[in-house]
Structures are given as C-alpha cells and as structure tokens.
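Chemist: Everything below, folded, please.
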Amino acid sequence: MQFVPLMEVTRGGMVECQHWGAVAVVNRDGRVLARVGDPYAVTFTRSTIKAFQALPFLQSGGARALGWGPAELALLCASHNGEPMHVEQVDHMLDSVNLSYKALRCGCHVPMFAALGLPGLELPAGFAADERHNNCSGKHAGFVAHCVQQGWPLEDYLAPDHPLQTAVREKVAQAVGLEPGQMAVGTDGCSAPNYAMPLAHLARGYARLAAGAPDTDLDESLTQLADAMVARPELGSGTGRHDQDFMRVGRGDWVSKTGADGVQTVGSRSRGEAFALKIMDGNMVAQVAAAVEVMDQLGWLDDAQREALAPRRSARIINARGIEVGGRRPVFRLQLA
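Modeler: Numbering: from 1, shown residues only. Next up, the predicted model:
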C-alpha cells in the first residue's frame with residue numbers, strides 16, 4: 001500500500017484516530033535506505049522545497065552581489081512566524097534592491113506567531129498584517145531580487161511561464177534528480193508554483209542539501225543554504241516552532257524543513273542521508289511526532305537529544321483541566337531496503 005498507519009491517538013483505551021502516511025529514507029545518490037509504506041508515493045512538496053527554489057538566484061551570483069549572508073539566506077528558505085525579526089529582515093532584503101513589500105505577490109495573513117498564542121508575542125492594538133508577515137515573504141523577496149537583477153518583469157513573477165519560474169522548476173528538478181516534466185505543478189498557498197514528486201526524490205534533495213552534491217554544479221549553493229538554515233534556525237521558522245527545535249537539538253547536523261499539510265524533511269549532514277515523510281490528513285502534530293520517531297529509529301538520537309525532543313512526541317493528551325485523557329503513539333517500524 002502507498003500509505004499505512006504511522007500514528008495513533010487513543011482515548012479511554014480505544015484507538016480514536018489514525019494518521020496514515022509514508023516515509024522514505026534516502027542517501028544523496030538516490031538509494032532508498034529504509035521506508036514505511038511506498039517511498040515513491042507522490043506528494044506536493046509545499047514549503048520543503050524553498051531552498052531549491054532559491055537556487056537560480058544563488059547560482060547566478062545574485063545573493064553574493066547584494067552582500068547577503070546567512071540571515072538573508074535563511075529567510076529565503078523560511079516558513080517564518082512573522083515576528084519583528086523576520087519582518088525587519090525582509091525589509092532589509094527588499095531595500096537592497098530598492099523595492100517595498102508592495103512588490104511581493106504572496107498575499108498577507110495574520111502572522112503565525114499570533115496563531116501559536118506565544119507569551120510576549122501578542123498582536124499590538126490596531127495591528128494590520130501585510131505581505132511581510134506572510135510566512136513565505138523571504139522566498140518572495142529572493143524572487144523579486146532575482147528579477148530585478150535579471151531585468152525580468154515583476155508584475156507576473158509567479159506565472160509558471162515567467163523566466164524566473166522556468167529557472168526555478170529546472171533547478172528544483174535537478175536538485176532532486178528528476179526532469180522538469182516529471183513534476184506535476186500546482187499552486188502553493190503563497191501563489192507560487194509548487195511541485196509534486198515521489199517522497200524518495202524529495203528526500204534525495206535533502207540529502208544533497210545537507211551533505212552536498214559534488215556530482216553537480218549545485219554543490220556550493222546547496223552548502224551555503226544549508227549552512228544558513230542551521231546557523232539561523234530562528235529566522236527559518238521562529239519562536240516555538242519545531243524546525244528550530246530540530247536544528248538546535250541536532251547540534252549543526254540536521255537540516256529540517258516543514259511543509260504545509262503533513263510534509264516533513266530532515267537531512268543529516270554527517271551521514272549524507274535524509275528522510276521525507278507525508279501525513280495524508282495533514283495533521284502537523286502527527287507529522288512532528290512521526291519525524292521524531294523516524295530519527296529515533298534511524299539511530300540519530302542520543303539520550304540527551306531523545307529527552308530534548310520528547311515534548312515533540314506529544315505522547316500525552318491533556319484536557320483543559322490538566323487531566324490526562326489519552327495518548328499519541330507511533331505504530332510503524334522502518335523497513336530496511
């Protein structure tokens with residue numbers, strides 16, 4: 001079967017929910033090392049491919065020409081909270097090419113930090129969100145900066161046939177070991193083209209992002225992006241977010257990126273391997289808990305890391321009165337290929 005049960009939720013000793021999905025563990029050569037379900041199950045990649053979408057810009061020397069360093073590169077790959085530090089960084093990126101947030105075509109939404117209900121990060125009175133608060137605004141700042149440098153029109157930079165998006169599609173495909181025509185195209189929440197691919201290819205892309213791709217011309221750019229993601233995880237996600245936790249607990253070894261609707265990727269730099277997983281119903285709590293379990297089964301966690309990530313397993317379900325009323329548990333075992 002393509003998808004199998006990965007996580008279960010129990011209440012009163014009975015299974016109340018099951019979250020089905022699949023996992024692919026792959027090295028940077030594309031060899032499947034382990035799996036759950038079908039490692040070639042096809043899914044939209046959502047925000048997990050942001051690093052690959054930045055490749056045309058980096059490959060052209062555009063980021064270097066603007067003097068962008070780890071902070072800016074981390075924002076290119078970010079699904080950020082819209083905290084002040086993120087908005088300030090996006091402003092800086094746009095200022096460097098003499099643009100304002102009005103050039104961005106990502107739309108706006110209430111910042112993610114507000115939805116998380118984090119203490120000290122409440123929305124101020126009279127707050128009005130704009131495009132900078134969109135979790136994808138860093139990616140879009142890179143898109144418009146590249147267009148300015150190349151002399152391409154800004155008004156339709158998200159159109160699939162725009163020179164920018166043609167270049168992006170080619171580089172995404174190259175990073176994951178596919179041809180551009182092998183990836184189905186859809187539209188992401190930020191209105192950019194998004195691509196569907198087998199989990200194994202998405203995982204291969206993350207193995208290359210984490211450990212390099214010396215067999216391609218992408219090696220330097222991928223390494224720069226991974227270095228930035230690991231060095232500035234707070235800019236790539238934000239306060240209270242699991243990608244930040246994963247990369248900090250990983251002590252520089254793990255490159256982690258979430259995608260909407262149940263997609264998660266983590267690459268190990270020292271091992272030259274990565275996994276991609278998909279939770280079919282899109283449940284993020286199950287997605288994060290399953291990712292921790294995958295890392296544990298792969299032997300990536302020492303005792304301290306296992307303890308640090310225990311809260312991300314969300315194993316105990318507590319009601320509003322503080323009473324434990326159920327649990328969440330993994331129900332899969334990785335099968336070695």
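
Chemist: Strands of the protein, start to end?
Modeler: With DSSP state E as the criterion, the chain has strands at 4-11, 14-27, 32-36, 42-44, 184-187, 193-198, 254-259, 263-268, 273-279, 316-318, 324-330, 335-336.

Chemist: Out of the ones you listed, which is the most enclosed?
Modeler: Counting by mean count of other C-beta atoms under 10 Å, strand 273-279 has the highest mean neighbour count of the strands of the chain, with a mean of 29. All C-beta spots, glycine's among them, are computed from the backbone N, C-alpha and C.

Chemist: Please report how far the closest residue to Leu301 other than its chain neighbours lies from Phe44.
Modeler: Computed as C-beta to C-beta, 6 or more residues apart in numbering, the closest residue to Leu301 that is not its neighbour in sequence is Met295, at 5.6 Å. Here the criterion is C-beta to C-beta, to the nearest Å. By it, Met295 lies 23 Å from Phe44.

Chemist: Give me the buried stretch members for the least confident helix or strand in the chain by mean pLDDT, please.
Modeler: One helix or strand of the chain scores below all others by mean pLDDT, DSSP states H and E: helix 112-116, with a mean of 86. Of the residues in helix 112-116, those scored as buried under the neighbour-count criterion (16 or more other C-beta atoms under 10 Å) are Met112, Phe113, Ala114.

Chemist: Name the surrounding residues that touch it.
Modeler: Outside of helix 112-116, the residues within contact range by C-beta atoms under 8 Å, 6 or more residues apart in numbering are Ser79, His80, Asn81, Gly82, Glu83, Leu121, Glu122, Leu123, Asn135, Gly238, Thr239, Gly240.

Chemist: Neighbours of the second one, how many?
Modeler: Okay, so that is His80. 30 (other C-beta atoms under 10 Å).

Chemist: Pull up the per-residue confidence for the closest residue to it other than its chain neighbours.
Modeler: Leaving out its chain neighbours, the residue that sits closest to His80 by C-beta to C-beta, 6+ apart is His86, at 4.2 Å. Looking at His86, its pLDDT reads 97.

Chemist: His86 and Ala78 touch, don't they?
Modeler: Yes: applying C-beta atoms under 8 Å as the test, His86 and Ala78 come out as touching, 7.2 Å apart.

Chemist: Need the overlap of contacts for those two.
Modeler: If you check His86 and Ala78 against C-beta under 8 Å, 6+ apart, the residues they both contact are Gly138, Leu235.

Chemist: about what we covered before: check contacts around the residue nearest to Leu301.
Modeler: Counting by C-beta under 8 Å, 6+ apart, Met295 makes contact with Trp254, Val266, Leu301, Leu309.

Chemist: Could you list the low-confidence segments of the protein?
Modeler: Judged against pLDDT under 70, the low-scoring parts of the chain cover residues 1.
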